[in-house]
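J.: sharing a sequence plus its predicted fold:
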Amino acid sequence: MARGDGGGKDGRGEPAWRPVSDVDMMTAIVLEQLGANREQVRTLEPARRSPHLLDDHTVERIKQTFGVQRDDMWLWVETGERWQAQDLTAAEAAKVDQYVAAVEAFAASNTVILALADELAAGTIEATLATSDLELGVETLAGTLARQANPFPDASPVQVRHPLTADNTDETSWPWLPGLVVGMVAPGQWDIVVIDDRLVEGLDADGVPVYPVCRRAAEAIRLR
């Protein structure tokens with residue numbers, strides 16, 4: 001949605017509104033960004049259990065990036081409203097409804113990410129050290145040293161050996177798939193969320209895909 005020389009809501013000029021014939025393309029763009037947002041949520045969720053894994057710079061960058069996305073959300077919303085106000089065929093109306101639903105999910109995911117970022121900002125490494133007493137500072141340092149001794153800390157993005165089908169028992173043939181470390185559950189053993197859309201087990205109550213969790217030894221895990 002390129003901008004012209006007029007006055008838009010945000011002071012950057014009036015957008016060049018897309019015609020309803022572009023609805024398929026616009027829906028695809030929204031769904032792609034929705035998928036990226038859901039991936040960001042999956043990455044941030046483990047940090048809620050261990051917020052001190054993140055630093056101020058990382059959290060601030062997330063807030064800035066998705067703050068811009070929030071501020072531009074009205075463009076996507078108003079595009080749908082303008083299309084809905086037109087005299088549409090039944091087929092066009094159905095596609096516009098799909099677009100509007102995708103934008104609503106996109107906006108909701110943005111709200112979730114910004115709320116998570118606000119929550120995590122209170123527990124960053126710097127915030128923990130700044131507000132802690134000597135004892136807590138020593139505990140934080142001990143935790144940092146322990147993470148250094150752990151090659152796959154919680155929430156680390158990794159690649160993990162995992163089969164694409166349940167009947168594949170030949171571990172040497174398993175592909176390397178993207179994953180996220182849940183935690184070390186025993187010496188030399190980690191639980192990993194395998195983030196591959198071919199393995200989605202369903203959707204949770206918020207409509208977020210549920211991925212399988214596997215337990216692997218170090219030789220079946222590598223950092224991304």
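T.: Cool, the structure landed. On a predicted model such as this, the values are computed, not experimentally measured, just so you know.

J.: what ranges in the chain fall below the confidence cut-off?
T.: Within the chain, the set of residues satisfying pLDDT under 70 comprises 1-12, 48-53, 123-149.

J.: residue at max distance from the center of it?
T.: For the chain, the largest distance from the centre (C-alpha atoms, centre = their mean) belongs to D87, which lies 36.7 Å off.

J.: what's that residue sitting at in phi/psi?
T.: phi -80, psi 100 (degrees, to the nearest 10).

J.: that one and T79, how far apart?
T.: D87 sits at a distance of 17 Å from T79 (criterion: C-beta to C-beta, to the nearest Å). From N, CA and C alone the C-beta is placed, and that goes for glycine too.

J.: same check on D22?
T.: Taken as C-beta to C-beta, the span from D22 to T79 is 9 Å.

J.: okay, the two: which has more neighbours?
T.: Set side by side, D22 and T79 show unequal neighbour counts under other C-beta atoms under 10 Å, the larger going to T79 at 23 against 15.

J.: ok, the more buried one - contacts?
T.: With C-beta atoms under 8 Å, 6 or more residues apart in numbering as the criterion, the residues that contact T79 are M1, W17, R18, M26, Y99.

J.: and those, which of them are in helices?
T.: Taking DSSP state H as the definition of helices, the contacts of T79 contribute M26, Y99.

J.: now list the buried members of the contacts of T79.
T.: Burial by neighbour count, 16 or more other C-beta atoms under 10 Å: within the contacts of T79 this picks out R18, M26, Y99.

J.: for E119, state which of these is nearest.
T.: Distance ranking of the buried ones among the contacts of T79 against E119, using C-beta to C-beta, places Y99 first at 30.7 Å.

J.: wait, the closest one sits on I29?
T.: No: at 9.9 Å, Y99 and I29 do not qualify as touching, with contact defined as C-beta atoms under 8 Å.

J.: quick one, phi psi at the most centrally placed residue in the chain?
T.: Nearest to the mean C-alpha position of the chain, counting by C-alpha atoms, centre = their mean, stands Q40 at 1.5 Å. Listed backbone geometry of Q40 is phi -60, psi -40, with angles given as degrees, to the nearest 10.

J.: quick one: residues contacting it.
T.: I62, F66, I113.

J.: and stretch 196-208, how far apart are its ends?
T.: Across its full length, stretch 196-208 reaches 13 Å between end residues, using C-alpha to C-alpha, to the nearest Å.
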